[in-house]
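Visitor: Okay, predicted coordinates and the sequence, questions at the end:
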Amino acid sequence: MITILADALGSPARLLDWFETSGMSGDQTRKMHARAARLVAALGGSPEQRSPAIRALVEQVIVDEQTIIIKVRRGPLLDRPMSSESDAPSDGAIELTAAVSIKRRGVGTRLVLLDAQHNHPAQCDPALVKAIARGRAWFGELVSGRARSLQELAKRDGISRRYIRRLVGLTFLSPQLVEAILQGRQPVELTATRLTELDLPLDWAEQHRLLTT
């Protein structure tokens, strides 16, 4: 479920599609993307970070033999308190659907999310997803003026300026690579540590050659 939520919230195109008729201004749209990035970071964090985000986002989960449907509240993405009571079902929940496989082992049952393109269990790396989400959130603060410099962010969050600069650079990662990471289709050797230690070229084709070959 976390993989499905992070995949959806980490896609700017999907977010815009969900809210295209809501009449949001440019500033409201930027804030909505920043909130989505923070939620993705929480989903990729510790259980203590994930639980409040999941409770606020998820209204209902429906599972059958082949699909999982997650009904997502709109409130946490809009300018409303992150509370499990913040949205009534009539508020128009967003439905996320994914193919799954029910694996039974003895008396136990396991739900496996399938990678639609390769028909094998997706291996989403929470650390990678979190790194991208944090980088985008910091970049959003710098662009909007909420943070004046990398040094200010480093002092506020107790993290080195170099580390923040590395993660902010992930904002310019190829959309195809971001999509692969969110779906768990990245190369096994592409870890968060490796990604943040590289000086990524801005050219997307060069990024693909560097990270996937």
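Guide: Here it is on my side, so go on.
Visitor: ok but residue 69 is inside a strand, no?
Guide: Yes. Looking at residue 69 with DSSP: H, G, I helix; E, B strand; the rest coil, it is inside a strand.
Visitor: partners of it in the sheet?
Guide: residue 62, residue 97 (DSSP bridges).
Visitor: surely it meets residue 99?
Guide: No. Using Cβ atoms under 8 Å, residue 69 is not in contact with residue 99, being 11.2 Å away. C-beta here means a position set from N, CA and C on the backbone, and glycine is covered the same way.
Visitor: shared neighbours of the two, anything?
Guide: Common contacts of residue 69 and residue 99 (Cβ atoms under 8 Å, 6 or more residues apart in numbering): none found.
Visitor: After the one helix or strand in the chain whose mean pLDDT sits lowest, which helix or strand is next?
Guide: Ranking every helix and strand in the chain by mean pLDDT, DSSP states H and E puts strand 108-113 at the bottom, with a mean of 52. Downstream of strand 108-113, the first helix or strand assigned by DSSP states H and E is helix 126-144.
Visitor: Can you show me the CA trace of that next one as PDB?
Guide: Listed next in PDB are the C-alpha coordinates belonging to helix 126-144 (Å, rounded to 0.1, in the frame of the first residue of the first chain):
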ATOM      1  CA  PRO A 126      11.900   3.500   0.800                       C
ATOM      2  CA  ALA A 127      15.300   5.200   1.200                       C
ATOM      3  CA  LEU A 128      15.400   6.200  -2.400                       C
ATOM      4  CA  VAL A 129      11.800   7.500  -2.400                       C
ATOM      5  CA  LYS A 130      12.500   9.500   0.700                       C
ATOM      6  CA  ALA A 131      15.700  11.000  -0.700                       C
ATOM      7  CA  ILE A 132      13.800  12.200  -3.800                       C
ATOM      8  CA  ALA A 133      10.900  13.500  -1.800                       C
ATOM      9  CA  ARG A 134      13.200  15.400   0.600                       C
ATOM     10  CA  GLY A 135      15.200  16.900  -2.200                       C
ATOM     11  CA  ARG A 136      12.000  18.200  -3.900                       C
ATOM     12  CA  ALA A 137      10.600  19.600  -0.700                       C
ATOM     13  CA  TRP A 138      13.900  21.500   0.000                       C
ATOM     14  CA  PHE A 139      14.000  22.700  -3.600                       C
ATOM     15  CA  GLY A 140      10.400  23.900  -3.300                       C
ATOM     16  CA  GLU A 141      11.400  25.900  -0.200                       C
ATOM     17  CA  LEU A 142      14.300  27.500  -1.900                       C
ATOM     18  CA  VAL A 143      12.300  28.400  -5.000                       C
ATOM     19  CA  SER A 144       9.400  29.800  -3.100                       C
END
